[in-house]
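K.L.:
next one to model:
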Amino acid sequence: MKTSYGKLFKILQDRQIKKTELKEKTKLGWSTISKISNNREVSMEVLKKICEFLNCDIGDIVEFTNMEVKNEKKWNYRCYRKKIFC
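P.N.:
Numbering: from 1, shown residues only. The predicted structure follows:
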């Protein structure tokens, strides 16, 4: 299951709130903001802080999808030496 914070960034854009302001108002660290920016999972406590700041529900800022990439090619060291995708 994939996590997407596209809805969060849409809200931030609509309300003209920058990531810096989100970080300061919610007292989150840059590593957490980076995780969100890269659609990585964060704790429920983080989502709760963001929802309290934006006065919204979790469903308004995050969505989960069942997208699975089949036959996804990955880059690893063994393949790197051969300069191919595995």
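K.L.:
was I right about Ile33 contacting Lys25?
P.N.:
No. Counting by Cβ atoms under 8 Å, Ile33 does not reach Lys25; the two are 11.8 Å apart. From N, CA and C alone the C-beta is placed, and that goes for glycine too.
K.L.:
what about those two, which has more around it?
P.N.:
Neighbour count, other Cβ atoms under 10 Å: between Ile33 and Lys25, Ile33 has more, with 17 against 14.
K.L.:
circling back: need the residues touching each of Ile33 and Lys25.
P.N.:
Common neighbours of Ile33 and Lys25 are not found (criterion: Cβ atoms under 8 Å, 6 or more residues apart in numbering).
K.L.:
ok, how many other residues are close to Thr32?
P.N.:
When neighbours are defined as other Cβ under 10 Å, Thr32 has 19 of them.
K.L.:
against Val42, how distant is it?
P.N.:
Using Cβ to Cβ, to the nearest Å, one gets 6 Å for the distance from Thr32 to Val42.
K.L.:
Tyr5 - nearest residue in space that isn't next to it in sequence?
P.N.:
Distances taken as Cβ to Cβ, 6 or more residues apart in numbering put Ile36 closest to Tyr5, at 5.1 Å, once the chain neighbours are dropped.
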